[in-house]
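> got a predicted model here, sequence first, then my questions.
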Amino acid sequence: MYANVKVTVLVDNYAAEGFEAEHGLAFWIEVVDGDGSIVKTILFDTGQSGHVLERNAEKCGIDLATADCLVLSHGHYDHTGGLKVVVNKKPTIKVYGHSKLDIERYSIKDKANPRAIDLPLEIQSVWKQLKERRQIEYTDDSVMLCDRIGITGFVKRETEYEDVGGPFYLDNKAQHDDLIEDDQSLWIRTNHGLVIVAGCSHAGIINTITQVKQVTNEERVHAVIGGFHLVNANEERMSKTIRSLRGIKILKLAACHCTGDEALMHLSKAFPENYVEVQAGRSFSF
Ligand SMILES: [Fe+2]
Ligand SMILES: [Fe+2]
């Protein structure tokens, strides 16, 4: 069994002193075996601009070229914007992502002023190159990276109180809802339970955790880190999410990025013993 998982936050909406913040997410994940050796090094998402990822990684002493692979949680610009930087550093890198990751998509508040939130143009062409070079492994269904490390693929939407978390559409006229089917999370089974790494949890954080528990047949959830996308959550969703999280009994709750300040406050109050404050530049051993 793996001893622990070290997660270094390379991009987040908040940053520790001396590091840069941006609206986006990227984690450097090292899975450590019982004898202290590193089994796998995974880059999870790439942030928005690319240069924040690059500079924060450098300050952490992390060489992005040493990643075994890149896992992309979904196709939003704030998770994929640094793809070019990563591919420049390691042209042969293997990338895991959903086949619908590169679709057109918009955020449209009040049905006006559509904002494109899909892969930026430059990143579209990098994605195309990766496709041509057959460097992408599609994760529409769950995929194992190796023994005890997996990617959820499509997460079933089962709770009645969770939704994608915003005014997301496939067209700029707000006629077709974007269900963000490409949203997926990474999980690692350690000897003290599961470590779950989420991007934005557009499938719902409870749906995500439930699916990981089901596929792994593991009840113990040691840590959950990532965006919970509760930024637009109403009171009902917030309280039902907290109630469900209580039932799951998570030891370390490291919500960040698109979770939203108000939701972070609710979570920190509800789980004072378990709440972990995430900032770019910080590392956690789970
Ligand atoms: Fe996001
Ligand atoms: Fe997102």
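On my side now, so go ahead. What you see is a predicted model; the values in this text were computed from it and never measured. Ligands and ions are numbered 1, 2, ... in the order given.
> can you list the residues of the stretch 101-250 of the chain near ligand 1?
Contacts of the stretch 101-250 of the chain with ligand 1, taken as CB under 5 Å from the ion, map to residue 200. To be clear about C-beta, it is placed using only N, CA and C from the backbone, and glycine gets the same treatment.
> how about the longest helix anywhere in the chain: buried residues?
Longest helix in the chain by number of residues, with DSSP state H as the criterion: helix 235-248. Buried residues in helix 235-248, counted by 16 or more other CB atoms under 10 Å: 237-238, 240-242, 244-245, 248.
> for that helix, name the packing helices and strands.
On a contact count with 3 or more CB pairs under 8 Å, 6 or more residues apart in numbering; DSSP states H and E, helix 235-248 meets helix 205-216, helix 261-270.
> out of these, which is the most enclosed?
Among these, helix 205-216 has the highest mean neighbour count (mean count of other CB atoms under 10 Å), at a mean of 21.
> tell me which parts of the stretch 101-250 of the chain are close to ligand 2?
So far as CB under 5 Å from the ion goes, the stretch 101-250 of the chain lies against ligand 2 at residue 200.
> ok, the residue in the stretch 101-250 of the chain that ligand 2 sits nearest to - contacts?
Per CB to the ion, residue 200 is where the stretch 101-250 of the chain lies closest to ligand 2, at 3.4 Å. Applying CB atoms under 8 Å, 6 or more residues apart in numbering to residue 200 gives the contacts 25, 73-74, 76, 79, 165, 180, 183, 226-227, 229, 257-258.
> that one belongs to a helix?
No. Counting by DSSP: H, G, I helix; E, B strand; the rest coil, residue 200 falls outside a helix, being coil.
> residue numbering should commence at 413 henceforth.
Sure, I'll start numbering at 413, so the last one becomes residue 612.
> and the pLDDT at it?
If you check residue 612, the pLDDT there is 98.
> for residue 413, same thing?
69.
> one step back: let's have the helices and strands packed on helix 647-660 in JSON lines, adding mean pLDDT.
Rendered in JSON lines, the data for these read as follows (pLDDT from 0 to 100):
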{"stretch": "helix 617-628", "mean pLDDT": "98"}
{"stretch": "helix 673-682", "mean pLDDT": "98"}
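> if we can go back for a sec, what mean pLDDT does the longest helix of the chain have?
Averaging pLDDT along helix 647-660 yields 98.
> then stretch 554-565?
Taken as a whole, stretch 554-565 has an average pLDDT of 96.
> what of stretch 522-530?
For stretch 522-530, the mean per-residue pLDDT is 93.
> what does it contact?
Taking CB under 8 Å, 6+ apart as the rule, stretch 522-530 contacts 487-490, 514-520, 579-581, 584-586.
> which among these end up buried?
Using 16+ other CB under 10 Å, the buried ones in the contacts of stretch 522-530 are 487-490, 514, 517-520, 579-581, 586.
> who's the nearest residue to residue 590 once chain neighbours are set aside bridged to?
Distance criterion CB to CB, 6 or more residues apart in numbering; nearest residue to residue 590, sequence neighbours excluded, is residue 580 at 4.1 Å. Using DSSP bridges, the bridge partners assigned to residue 580 are residue 519.
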